[in-house]
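Colleague: fold the stuff below for me.
(one chain, ligands or ions: 3)
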Amino acid sequence: MTTTHATGAGREQLPALAAEDLVVEFPAGRGRKVHAVSGVGLEVAAGETLGILGESGCGKSTVGRSLIQLPPPDSGTVRLGATTLTGLAPEELRRARARIQIIMQDPVSALNPRRTVKDLVWEGPSIWGSGGDARDKDTRIDTALRDVGLDPATVRDRRPHELSGGQCQRVCIARALLLEPEVLICDEPVSSLDVSVQAQILNLLETTTRRRGLSMVFIAHDVSVVKNISDRVMVMYLGKTCEVLPSDGMHHEAVHPYTRLLLASLPEAQRGPAGPRGATDGTADASPAAELPSPLDPPSGCRFRTRCPLATGRCSGEEPALREIRPGHQVACHHVEPRRNHP
Ligand SMILES: Nc1ncnc2c1ncn2[C@@H]1O[C@H](COP(=O)(O)OP(=O)(O)OP(=O)(O)O)[C@@H](O)[C@H]1O
Ligand code: SF4
Ligand SMILES: [Mg+2]
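Modeller: Ligands and ions are numbered 1, 2, ... in the order given. A predicted model of the protein is given here:
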């Protein structure tokens, strides 16, 4: 198994979050298994946002869930600062979970419909027993609601069905932030919301993480959303990492054939006149190439080879390792040389 790491350049501090060689497989009957995540690693520095990009089914959510140990990966390690989460005893893991929070795609179903907003926002301290002194509970709930742009007097006694989707997502964010986590995992946090509300929530996440110095893993399949909010972007294909690169200049610097295919799917206004060309609507699923192969039986060697225009014999026999081609830029491809712009 080749381990792949998404690491930033030249860091000396302990990363806020680090994962190594994550493997997640799901039983699929008759002795078969879904190879959802196969040896993925990543690092997120304090205050940094790492975007995870890739088309539907490539393993983004499975990586996100294994980072918070819900469920833990089949193998590999996850470290939150100096704490190794993998292998922690249940009670220790429960305490550590307050330090790493997740925001899910569907805010309405993430909230218990029978509870009021104030109880939902206070759910963390009541479950984890952390979050400080409960005597100032009401003040802290109101502050948390104000911080995400909600008026406490209007919403604190409402239930989720009395709120819009955007308001529900703000409640989810308030609930996560109240625990003062070090890392926020956002799994498609805006894809179920109206377009007009998406920008507000993205703006809220961006300003909040910057203000609090929070680290974030931001998962989505929309290239422009991930690129805009992230410092670095990790591109996944069929359970593997293809490329990790700074989001600034991504359109010109990307060299992995799959990343270039994703970028080519953006309209020209988003990719820029010099970016890779292709077609359609700006999501990774809009790739002009064939379907994603089955994760039950991934291709040998490079998993992208069945769709790659540059594949050679070596690509079917040998899995490409993720290599640094310049500081902060890593690629898993046999035919990309260090410091060259195109494979
Ligand atoms: N609980 C599960 N049982 C079996 N297979 C699963 C389970 N969860 C995920 N998978 C499979 O694992 C692979 C990765 O799924 P995952 O949800 O991580 O993809 P994703 O990149 O988040 O996709 P999307 O963009 O659609 O959310 C897929 O083939 C999926 O069908
Ligand atoms: S290793 Fe081969 S198949 Fe994989 S991306 Fe590179 S050229 Fe394409
Ligand atoms: Mg997902």
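Colleague: need the residues of the stretch 1-150 of the chain near ligand 1, please.
Modeller: With Cβ under 6 Å from any ligand atom as the criterion, the stretch 1-150 of the chain meets ligand 1 at residues 26, 34, 36, 54, 56, 57, 58, 59, 60, 61, 62. C-beta: built from backbone N, CA, C; applies to glycine.
Colleague: wait, residue 181 touches residue 99, no?
Modeller: Yes - between residue 181 and residue 99 there is a contact under Cβ atoms under 8 Å: 5.4 Å.
Colleague: and those two? Which one has more around it.
Modeller: residue 181 (22 against 19; other Cβ atoms under 10 Å).
Colleague: quick check: the more buried one vs residue 310, distance?
Modeller: According to Cβ to Cβ, to the nearest Å, residue 181 and residue 310 sit 41 Å apart.
Colleague: and what of residue 33?
Modeller: 30 Å.
Colleague: ditto for residue 235
Modeller: Applying Cβ to Cβ to residue 235 and residue 310 gives a distance of 16 Å.
Colleague: pull the helix or strand containing residue 170 out as PDB, backbone CA atoms only.
Modeller: Applying DSSP states H and E as the criterion places residue 170 in helix 165-178. Taking Å, rounded to 0.1, in the frame of the first residue of the first chain, the C-alpha atoms of helix 165-178 are listed here in PDB:
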ATOM      1  CA  GLY A 165     -31.800  25.700   5.800                       C
ATOM      2  CA  GLY A 166     -29.300  28.500   6.000                       C
ATOM      3  CA  GLN A 167     -30.300  29.300   9.600                       C
ATOM      4  CA  CYS A 168     -30.100  25.600  10.500                       C
ATOM      5  CA  GLN A 169     -26.500  25.500   9.100                       C
ATOM      6  CA  ARG A 170     -25.700  28.600  11.200                       C
ATOM      7  CA  VAL A 171     -27.000  26.700  14.300                       C
ATOM      8  CA  CYS A 172     -24.800  23.700  13.400                       C
ATOM      9  CA  ILE A 173     -21.800  26.100  13.100                       C
ATOM     10  CA  ALA A 174     -22.700  27.800  16.400                       C
ATOM     11  CA  ARG A 175     -23.000  24.400  18.100                       C
ATOM     12  CA  ALA A 176     -19.600  23.300  16.800                       C
ATOM     13  CA  LEU A 177     -17.800  26.600  17.700                       C
ATOM     14  CA  LEU A 178     -19.200  26.800  21.200                       C
END
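Colleague: could you pull out the helices for the stretch 201-343 of the chain?
Modeller: Remark: helices assigned in the stretch 201-343 of the chain by DSSP state H, counting those that start in this stretch are 223-229, 250-253, 257-264, 268-271, 313-317.
Colleague: burial of the residue of the stretch 101-250 of the chain found nearest ligand 2, as a residue count?
Modeller: Going by Cβ to the nearest ligand atom, ligand 2 is nearest to residue 242 of the stretch 101-250 of the chain, at 7.1 Å. Residue neighbour count, defined by other Cβ under 10 Å, stands at 29 for residue 242.
Colleague: wait, it touches residue 331, no?
Modeller: Yes - between residue 242 and residue 331 there is a contact under Cβ under 8 Å: 7.3 Å.
Colleague: quick check: neighbours shared by those two?
Modeller: Here residue 242 and residue 331 have residue 256 as joint contacts, going by Cβ atoms under 8 Å, 6 or more residues apart in numbering.
Colleague: give the contact list for the closest residue to ligand 2 within the stretch 151-300 of the chain.
Modeller: The minimum distance from the stretch 151-300 of the chain to ligand 2, using Cβ to the nearest ligand atom, falls at residue 257 (4.6 Å). Counting by Cβ under 8 Å, 6+ apart, residue 257 makes contact with 304, 308, 309, 310, 333, 343.
Colleague: packing partners for the helix holding residue 170?
Modeller: Helix 165-178 is packed against strand 100-103, helix 107-110, helix 117-121, helix 123-128, helix 137-147, helix 195-212, with contacts defined by 3 or more Cβ pairs under 8 Å, 6 or more residues apart in numbering; DSSP states H and E.
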